[in-house]
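K.L.:
need coordinates for the following:
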Amino acid sequence: MKEKLSTLLLNLTGFQSLRKLTPEGRLLFSTRVVRLFAYGLLSVVLTLYLAQLGLTDEQIGLLLTLTLVGDAGISLWMTTVADRVGRRRMLIIGAGLMTFAGLAFVLTGNRVLLTLAAILGTISPSGSEVGPFLSIEQAALSQTVPGEHRTQIFAWYNLVGSFATAIGSLSGGMLAEVLQRSGSTPLNSYRLVILSYALLGVGLGLLFTGLSSAVEVGAARLPPPNAPSTPTVSRLGLHRSRGVVLKLSSLFMLDSFAGGLVIQSLIAYWFYIRFGVEPAVLGGIFFGANILAGLSALAAARVAARFGLINTMVFTHIPSNVLLILVPLMPNLPLAIIVLLMRFCISQMDVPTRQSYLMAVVDPDERSAAAGLSNIARTLASSVAPVFTGLFLGASLLSLPFFLAGGLKILYDLVLYRSFRGLKPPEEN
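P.N.:
Residues are numbered from 1 along each chain as shown. Predicted coordinates:
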């Protein structure tokens with residue numbers, strides 16, 4: 001019985017797929033853990049640190065916006081040239097930019113210099129992925145694992161990142177609190193956390209130096225002798241797959257804009273306004289929700305292997321968004337929590353499948369650029385949406401963001417299915 005349960009657990013989680021990781025793949029998992037831990041560490045104290053430096057709320061908001069814009073611009077350049085210039089080289093440069101930004105924030109309180117460091121460096125205000133790392137690592141991972149295991153590997157890749165961010169956030173807050181109880185001023189305690197971020201950037205760069213040429217485009221499988229010659233690469237780093245990538249990116253923007261209407265902090269605020277939920281309870285709700293979301297990603301590969309990537313993306317996403325629409329219709333707090341948690345149980349099944357599908361339908365020398373363009377498109381779209389949610393909440397339209405987000409996401413699912421159901425990844429043909 002124990003052996004059967006163990007086998008079932010291994011099959012459901014896809015843990016056996018991790019055995020397919022090459023040394024480069026294991027190293028990329030390690031760099032993701034270090035990076036997301038650093039992002040979580042920084043996200044807790046960054047705004048508090050800027051306030052201690054004397055920046056106003058408006059100046060802090062502007063600086064954080066410029067941070068995201070700068071990261072998007074640098075990421076666009078680095079990811080569109082990485083496949084030609086070298087993925088390892090671009091990842092090391094990205095780690096250098098992360099270290100530069102952390103040190104600049106520690107060494108100066110000048111608003112102009114802080115803004116320049118925020119634009120040119122790599123800073124994550126939210127704890128989420130920023131910079132070129134995610135896109136280039138996805139391209140490299142896709143090259144180092146068999147196609148039939150790619151989706152499962154991406155599921156684990158996302159899961160370990162989520163856990164690393166959570167631990168980093170907890171560590172950043174605890175470190176600052178311990179330092180302040182030991183007599184340190186708030187400013188100095190936050191400064192030490194940011195210094196730790198810079199040092200983690202140094203460690204990240206050292207890890208990237210351990211990558212071999214196996215992660216580069218030249219190590220990818222060569223096309224058959226009778227294949228047509230590779231077209232000229234455009235400025236975006238794409239050639240054959242340009243139309244596919246641009247169309248997918250536009251659809252991903254729609255999905256990301258809808259998701260931006262109901263980001264976690266805004267849902268928490270909605271629970272507070274609607275039901276008067278205390279912050280400690282909110283923390284428990286979303287801790288459980290994020291754990292469920294991370295675990296749901298592990299099931300995605302199992303479902304995709306049976307039904308296909310596009311089908312998994314669409315037919316798990318639609319029920320998730322129906323549940324999202326139902327949350328504000330619940331008459332009491334327990335039911336609202338139950339529906340929200342049910343939604344998170346399947347809400348992330350489209351993430352590793354989406355990433356895997358994009359890597360599968362483009363040529364190996366387009367992967368970094370394709371992932372970069374799609375991720376930047378998603379980031380820009382999601383950064384605009386909270387403005388609208390704020391307007392809706394200000395007008396006492398508390399439920400409208402849920403309805404609008406769910407409806408737009410379902411529209412995205414239907415258009416995606418209609419447009420790409422015929423374009424299958426190689427392993428499904």
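
K.L.:
check the protein and tell me which residue is nearest its centre.
P.N.:
Among the residues of the chain, the one closest to the centroid is Glu129, at 4.9 Å (CA atoms, centre = their mean).

K.L.:
tell me which helix or strand the closest residue in space to Ile263 that isn't next to it in sequence sits in.
P.N.:
What sits nearest to Ile263 in space, not counting adjacent residues and going by CB to CB, 6 or more residues apart in numbering, is Pro386, at 6.3 Å. Bear in mind the C-beta positions are built from the backbone N, C-alpha and C, glycine included. Using DSSP states H and E, Pro386 sits in helix 367-394.

K.L.:
what about the helix or strand harbouring Ala299, distance to the chain center?
P.N.:
Applying DSSP H and E as the criterion places Ala299 in helix 279-307. Relative to the chain's own centre, helix 279-307 is displaced by 14 Å; criterion: CA atoms, centre = their mean, to the nearest Å.

K.L.:
show me what counts as buried in whatever helix or strand comes next after it.
P.N.:
Using DSSP H and E, the helix or strand that follows helix 279-307 towards the C-terminus is helix 309-326. Neighbour counts over helix 309-326 (16 or more other CB atoms under 10 Å) mark 309-318, 320-321, 323-326 as buried.

K.L.:
swap in stretch 198-211?
P.N.:
Using 16+ other CB under 10 Å as the test for burial, stretch 198-211 gives 198, 200-201, 204-205, 207-208, 211.

K.L.:
what's the distance between Leu42 and Ile136?
P.N.:
Remark: distance between Leu42 and Ile136 (CB to CB, to the nearest Å) = 21 Å.

K.L.:
and the strands in the stretch 151-300 of the chain?
P.N.:
Assigned by DSSP state E, counting those that start in this stretch, the strands in the stretch 151-300 of the chain number zero.

K.L.:
on that earlier part again, how many neighbours does the residue nearest to Ile263 have?
P.N.:
By the measure other CB atoms under 10 Å, the count of residues near Pro386 is 16.

K.L.:
isn't Leu211 up against Glu24?
P.N.:
Yes. Under the criterion of CB atoms under 8 Å, Leu211 makes contact with Glu24 at 5.8 Å.

K.L.:
overlap in contacts of the two?
P.N.:
Residues touching both Leu211 and Glu24 (CB atoms under 8 Å, 6 or more residues apart in numbering): Ala140.

K.L.:
picking up where we left off before, past the helix holding Pro386, which element shows up next along the chain?
P.N.:
Past helix 367-394, the next helix or strand by DSSP H and E is helix 400-420.

K.L.:
go through the protein and flag its longest helix.
P.N.:
Using DSSP state H to define each element, the chain has its longest helix at helix 150-181.

K.L.:
okay, the angle between it and helix 279-307?
P.N.:
160 degrees (axes from the mean of the first three to the mean of the last three CA atoms, to 10 degrees).

K.L.:
which other helices and strands does helix 150-181 contact?
P.N.:
For helix 150-181, the packing partners by 3 or more CB pairs under 8 Å, 6 or more residues apart in numbering; DSSP states H and E come out as helix 23-52, helix 133-144, helix 186-208, helix 279-307, helix 350-360.

K.L.:
what residues does stretch 24-37 touch?
P.N.:
Stretch 24-37 is contacted from outside by 21, 91, 98, 127, 129, 133, 137, 140-141, 144-145, 153, 156-157, 160-162, 164-165, 167-168, 171, 200, 203-204, 207-208, 210-212, 214-215, using CB under 8 Å, 6+ apart.

K.L.:
I'd say the residue nearest to Ile263 and Gln264 touch.
P.N.:
No. At 11.1 Å, Pro386 does not count as touching Gln264 under the criterion of CB under 8 Å.

K.L.:
residues contacting the nearest residue to Ala95 once chain neighbours are set aside?
P.N.:
In space, and not counting its chain neighbours, Ala95 is closest to Gly205: 3.5 Å by CB to CB, 6+ apart. The neighbours of Gly205, taking CB under 8 Å, 6+ apart as the test, are 92, 95-96, 99.

K.L.:
what stretches of the chain score poorly on pLDDT?
P.N.:
The chain contains residues with pLDDT under 70 at 1-15, 126-127, 219-235, 265, 279-280, 283.

K.L.:
domain ranges for it?
P.N.:
Domains of the chain are assigned by automatic domain parsing as 18-215, 242-424.
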